[in-house]
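Engineer: return a 3D structure for these sequence lines:
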Amino acid sequence: MRRHGQDLETNKLPGYMETFNFYLDTKVTAWYRTPFEIEADTLEEAKLKAIEFVKSGETSYISWEQIDDTVETMSVKDNDGESTEELYCTDDVNMIWDNTETNIMVVYNNVESKNVFEGNESQFIDFMRKIVIENEDYDFSIIGLSDAIEYLENYCSNLEINGTE
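Structural biologist: Next up, the predicted model:
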């Protein structure tokens, strides 16, 4: 039975949009802690045995735990030019986007005379959010790229965007 206004080809009522599901795979770095015990007569002997134990690779068989607040998104540069973000649609098995297509932004610290950030626009936004938090500037929120650039230009006199690579 067809409802009034229902499209015959798609079987949809006007004004109703379909929902599509996506997922983003992100490559990150993180620190993990592997606790273990060493038996020895002295602390110095235990330290030497611990070093030998770690060098032998035996820790790979021990459970580990992720250290809080150590997960960081990898940059394309740190990943040898390979993507670190890949976008997929659950209705399609193929990747539909990766961040190797985007320009790499570079932030230069003119006090320290070095680059302090290299990454894509999304990573730059996250980088600037961290700076806002570090500066305890809770009245400023960074929602997108223009907010991140505005904050850098107006409140970070020691930083400048060198453009893109």
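Engineer: could you use CA atoms for every contact and neighbour count after this?
Structural biologist: Noted.
Engineer: quick check: domain ranges of the protein?
Structural biologist: 18-100, 102-165 (automatic domain parsing).
Engineer: which one of those is the most hemmed in?
Structural biologist: Mean neighbours per residue, mean count of other C-alpha atoms under 10 Å, is largest over the domains of the chain for domain 102-165, with a mean of 15.
Engineer: can you pull up the most central residue in this protein?
Structural biologist: T73 (2.5 Å; C-alpha atoms, centre = their mean).
Engineer: now that one: how far from E45?
Structural biologist: 38 Å (C-alpha to C-alpha, to the nearest Å).
Engineer: do the same with T70
Structural biologist: 31 Å.
Engineer: the helices in this structure, which residues?
Structural biologist: 43-55, 121-134, 145-155 (DSSP state H).
Engineer: how far is the last one from where the chain is centred?
Structural biologist: In other words, helix 145-155. Centroid displacement of helix 145-155 relative to its chain, using C-alpha atoms, centre = their mean, to the nearest Å, is 20 Å.
Engineer: same question, stretch 72-90
Structural biologist: 9 Å.
Engineer: mind checking the end-to-end distance for it?
Structural biologist: From its first residue to its last, stretch 72-90 covers 25 Å (C-alpha to C-alpha).
Engineer: what does stretch 16-34 give?
Structural biologist: 52 Å.
Engineer: quick one: contacts of it?
Structural biologist: 59, 62-67, 70-74, 84-91 (C-alpha atoms under 8 Å, 6 or more residues apart in numbering).
Engineer: mind doing that once more with 10 Å?
Structural biologist: The contact list for stretch 16-34 (C-alpha atoms under 10 Å, 6 or more residues apart in numbering) reads 12, 59-76, 79, 83-92, 95-99.
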